[in-house]
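*Asks:* Make a model of this:
(chains A, B, C and D)
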There are 2 protein chains.
Amino acid sequence: MSTSTNQIIKSLKKSGYKITPQRKLILDVLNNSDHHLSPANIYNKVREKYPEIGLVTVYRTLEILDKAGYICRLTLPSGLAAYLLKRCPSGQHHHHLVCQCCGKVVNFNNCNLAELEKEITDETGFVISSHTIELNGKCPACQ
Amino acid sequence: MSTSTNQIIKSLKKSGYKITPQRKLILDVLNNSDHHLSPANIYNKVREKYPEIGLVTVYRTLEILDKAGYICRLTLPSGLAAYLLKRCPSGQHHHHLVCQCCGKVVNFNNCNLAELEKEITDETGFVISSHTIELNGKCPACQ
DNA sequence: TAATAATTGAAAATCGTTTTCAATTATTAT
DNA sequence: ATAATAATTGAAAACGATTTTCAATTATTA
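*Replies:* Numbers count the residues shown, from 1 in each chain, chains lettered A, B, ... in the order given. Below is the predicted model:
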């Protein structure tokens, strides 16, 4: 179990959650991937080591991790959910560059939308509270 | 039936689609809204004038309109789909400013992501083929 | 070690969406 | 106009992802 996984486990314990083998394994799968993973993907990976796990447990654990801020939930264009361990300093503003071919994800954080948002607020009267940017492309390996 | 609706109807006919009252009414509902609408929203609005319509017909018509490029399909953060009549010159690059409160949508097209995309390509080796930006906020009426 | 409260997995339920299929309707060639 | 046709329709069933229910199990605590 990696340092990253261990730290999250400790924090979860502090927050009153019980530490179960299922939760550890789910975190490990997330930690060992630089691709976004669907609940089913995670389920299948965990089953290799822990065949008794139920898909429900994966959903429930992802919900906890998402609410606690340890993972990012992506909504893919198809509408399906995919998850990603957060690897940037806590709460830092960032976006994702996603490979359409293999799902590999790279973070970037210099989005510089503030100016555009100001313009748009002036023009439309909308107060802008958040934004999402998703860049879609192909990673070097998939080109 | 508005001009906008009429023009789309004509184009659809040219493309070999039959013109049915259901399709006209669905287009009218889209045309008369500046908010994004779910299939169920559209279904309910059309039913006021045409109670026999089936939800399937709404789905099928939306699929046709989307493929033909007359409407935008949004994937909301929840993963659900919502639709919007395109109101900008054919094919023009644009994004949406969405009111989180009422769903009102305003277009903007000066996103200027080209520079950022170049930086990121240089850094990561990803080839970027498309991007989506969604600005979330509150419209003047909802503030 | 015993008491407890949280967590688990199986099964059923739910929700949006898609498929199937027979009946209907818009278009066309006459 | 009318008949022939191929597309479109709506009901019902099927579907896939996600959520809920519930009794049994397990991690934690005292």
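*Asks:* and chain A, which of its residues are near chain B?
*Replies:* Chain A has residues A:75-81, A:97, A:99-100, A:106, A:108, A:110-113, A:116-117, A:119-121, A:124-140, A:143 near chain B, with proximity defined as Cβ under 8 Å from any Cβ of the partner chain. For the C-beta atoms, the positions are set from N, CA and C on the backbone; glycine is no exception.
*Asks:* Go through stretch A:81-100 and flag the buried ones.
*Replies:* Across stretch A:81-100, burial judged by 16 or more other Cβ atoms under 10 Å in any protein chain shown covers A:81-86, A:94-99.
*Asks:* Just these: which are in strands?
*Replies:* A:81-85, A:95-99 (DSSP state E).
*Asks:* how far away is the residue nearest to residue A:129 when sequence neighbours are not counted from residue A:110?
*Replies:* Using Cβ to Cβ, 6 or more residues apart in numbering or on different chains and skipping the chain neighbours, the partner closest in space to residue A:129 is residue B:137 (5.1 Å). From residue B:137 over to residue A:110 the distance is 22 Å, taken as Cβ to Cβ, to the nearest Å.
*Asks:* Among these two, which residue is more densely surrounded?
*Replies:* Between residue B:137 and residue A:110, counted using other Cβ atoms under 10 Å in any protein chain shown, residue B:137 has the larger neighbour count: 23 against 10.
*Asks:* Model confidence score at the residue with the largest distance to the centre of chain A, please.
*Replies:* Here chain A reaches farthest from its C-alpha mean at residue A:123, the gap being 33.7 Å by Cα atoms, centre = their mean. Residue A:123 is assigned 97 on the pLDDT scale.
*Asks:* Do a quick rundown of the strands in chain A.
*Replies:* For chain A, the strands defined by DSSP E occupy A:71-75, A:81-85, A:95-99, A:105-108, A:127-138.
*Asks:* Right, I'll call it a day here.
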